[in-house]
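Chemist: Fold the following and give me the result.
(one chain, ligands or ions: 3)
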Amino acid sequence: MDKKNKTLGEFIIENQSSFQYSTGELSKLIHAIRLAAKVVNHEVNKAGLIDVLGAAGDTNIQGEDQQKLDVLANEKFIQTLRNREIVCGIASEEEDDFISINSNDNKQRNKYIVLIDPLDGSSNIDVNVSVGTIFSIYRRVTPVGTPVTLEDFLQPGKNQVAAGYIIYGTSTMLVYTTGDGVNGFTLNPAIGTFYLSHPGMIFPDSGKIYSVNEGNYSHFPQGVKDYIKYCQKEEEDRPYTSRYIGSLVSDFHRNMIKGGIYMYPKSSVASNGKLRLLYECNPMAFIAEQAGGKASDGYTRILEVEATELHQRVPFFCGSKKMVEKAEEFMAKN
Ligand code: AHG
Ligand code: MN
Ligand code: MN
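Modeler: Numbering: from 1, shown residues only. Ligands and ions are numbered 1, 2, ... in the order given. Model (predicted):
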């Protein structure tokens with residue numbers, strides 16, 4: 001069969017056996033995420049037509065204003081996962097605490113937990129610019145059959161069994177990994193089916209794009225300032241091009257296809273940067289590594305950073321391997 005004719009559903013079934021813990025449970029979970037993605041995609045697409053734009057009037061635990069679509073996307077993902085009784089716990093950017101899920105018979109047998117950023121790039125919703133969803137999946141570490149605990153959610157990123165994102169862009173794509181490379185699927189909106197459009201996605205070893213909110217320049221550590229100046233210098237294949245959408249998913253996706261580095265460093269006003277370790281940086285880092293790229297906090301591999309809180313933030317440097325290594329070099333000098 002022509003690869004591009006393969007649907008996500010077919011791909012999941014075909015690849016189930018190559019997954020080391022294959023019981024079908026993870027496949028069901030990816031099926032559920034696929035369904036929720038279609039529902040959220042539908043809502044995002046009609047955003048200008050119905051009353052879902054703008055602030056919801058509430059703030060999340062991180063003190064950020066929740067947008068109506070943040071809340072809606074959160075509800076849709078949680079509802080879909082809860083109804084199918086395929087996970088034992090969920091943590092979300094939009095929920096203060098993790099949610100423990102007991103199946104009806106009260107004998108919770110599910111092994112997986114999910115962490116999600118239901119809508120990434122909130123500030124872009126109202127202006128019709130790409131947004132996304134990020135998800136991260138682990139096997140629980142506490143015994144099956146008992147309620148989940150914080151320990152299940154605070155695992156290092158290297159323990160992830162799957163991670164992915166959905167990008168609601170000019171087309172809608174679902175990109176994910178189960179630790180065996182990265183594959184991208186594009187939604188045909190006419191029939192509501194995802195097709196394998198980007199098999200075996202790979203980060204170019206190096207690239208010419210750097211993505212960082214340069215408005216924060218004066219607050220950045222010296223290493224980051226120096227690296228930015230290096231990117232801008234007229235030398236060899238530089239200056240690089242600056243591209244920053246402000247939706248991590250979209251900036252990452254572009255850089256994975258074209259080659260580039262995304263940075264959200266710490267600053268004098270935000271000691272750990274802005275991005276959240278568990279449902280933003282870890283899943284993106286897992287995907288990056290699976291695609292031959294690299295993700296670091298400037299010094300350490302993201303997937304080895306110790307998690308101590310659900311909504312913990314971490315500085316983030318992610319993208320083409322050689323570019324991240326170069327940024328680390330500048331960090332180490334300072
Ligand atoms: P979220 O919408 O889930 O809160 O995430 C927004 C994140 C990320 O997607 C983006 O790259 C970054 O915040 C942008 O932050 P700045 O506006 O500070 O550049
Ligand atoms: Mn986000
Ligand atoms: Mn979000």
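Chemist: Alpha carbons of the helix or strand containing G9, as PDB, please.
Modeler: Applying DSSP states H and E as the criterion places G9 in helix 8-15. Included here for helix 8-15 are C-alpha records, laid out as PDB according to Å, rounded to 0.1, in the frame of the first residue of the first chain:
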ATOM      1  CA  LEU A   8      -3.600   6.400  11.600                       C
ATOM      2  CA  GLY A   9      -5.900   3.600  12.700                       C
ATOM      3  CA  GLU A  10      -4.200   1.100  10.400                       C
ATOM      4  CA  PHE A  11      -0.800   2.300  11.500                       C
ATOM      5  CA  ILE A  12      -1.600   1.900  15.200                       C
ATOM      6  CA  ILE A  13      -2.800  -1.700  14.700                       C
ATOM      7  CA  GLU A  14       0.200  -2.600  12.500                       C
ATOM      8  CA  ASN A  15       2.700  -1.200  15.000                       C
END
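Chemist: mind listing the strands for the stretch 1-150 of the chain?
Modeler: Ranges of strands within the stretch 1-150 of the chain are 55-59, 65-67, 89-92, 99-100, 112-120, 131-139, based on DSSP state E, counting those that start in this stretch.
Chemist: can I get the ones you listed in JSON lines with mean neighbour count and mean pLDDT?
Modeler: All C-beta atoms are positioned from the backbone trio N, CA, C, and that covers glycine. Output for those, formatted as JSON lines (neighbours: other CB atoms under 10 Å; pLDDT from 0 to 100):
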{"stretch": "strand 55-59", "mean neighbour count": "13", "mean pLDDT": "80"}
{"stretch": "strand 65-67", "mean neighbour count": "18", "mean pLDDT": "77"}
{"stretch": "strand 89-92", "mean neighbour count": "24", "mean pLDDT": "98"}
{"stretch": "strand 99-100", "mean neighbour count": "16", "mean pLDDT": "96"}
{"stretch": "strand 112-120", "mean neighbour count": "27", "mean pLDDT": "97"}
{"stretch": "strand 131-139", "mean neighbour count": "26", "mean pLDDT": "98"}
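Chemist: Turn those strands into CSV, including distance to ligand 2.
Modeler: Output for those, formatted as CSV (distance: least, CB to the ion, whole Å):
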stretch, distance to ligand 2
strand 55-59, 15
strand 65-67, 12
strand 89-92, 11
strand 99-100, 19
strand 112-120, 3
strand 131-139, 7
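Chemist: what's the closest of these to G192?
Modeler: Taking CB to CB, strand 131-139 is the member of the strands of the stretch 1-150 of the chain nearest to G192, at 16.8 Å.
Chemist: any residue of that closest one up close to ligand 1?
Modeler: No - for strand 131-139, no contact with ligand 1 is found by CB under 6 Å from any ligand atom; the gap never falls below 7.5 Å.
Chemist: and that strand, is it in reach of ligand 3?
Modeler: No - Strand 131-139 stays out of contact with ligand 3 when judged by CB under 5 Å from the ion, the minimum separation being 8.0 Å.
Chemist: how far does the helix or strand following that strand sit from the chain's center?
Modeler: Following the chain from strand 131-139 toward its C-terminal end, the next helix or strand by DSSP H and E is helix 150-153. On the basis of CA atoms, centre = their mean, to the nearest Å, the separation between the geometric centre of helix 150-153 and that of its chain is 19 Å.
Chemist: what packs against helix 150-153?
Modeler: strand 89-92, strand 112-120 (3 or more CB pairs under 8 Å, 6 or more residues apart in numbering; DSSP states H and E).
Chemist: Take those strands and lay them out in JSON lines including distance to N15.
Modeler: Formatted as JSON lines, the entries for the helices and strands packed on helix 150-153 read as follows, by distance: least, CB to CB, whole Å:
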{"stretch": "strand 89-92", "distance to N15": "24"}
{"stretch": "strand 112-120", "distance to N15": "17"}
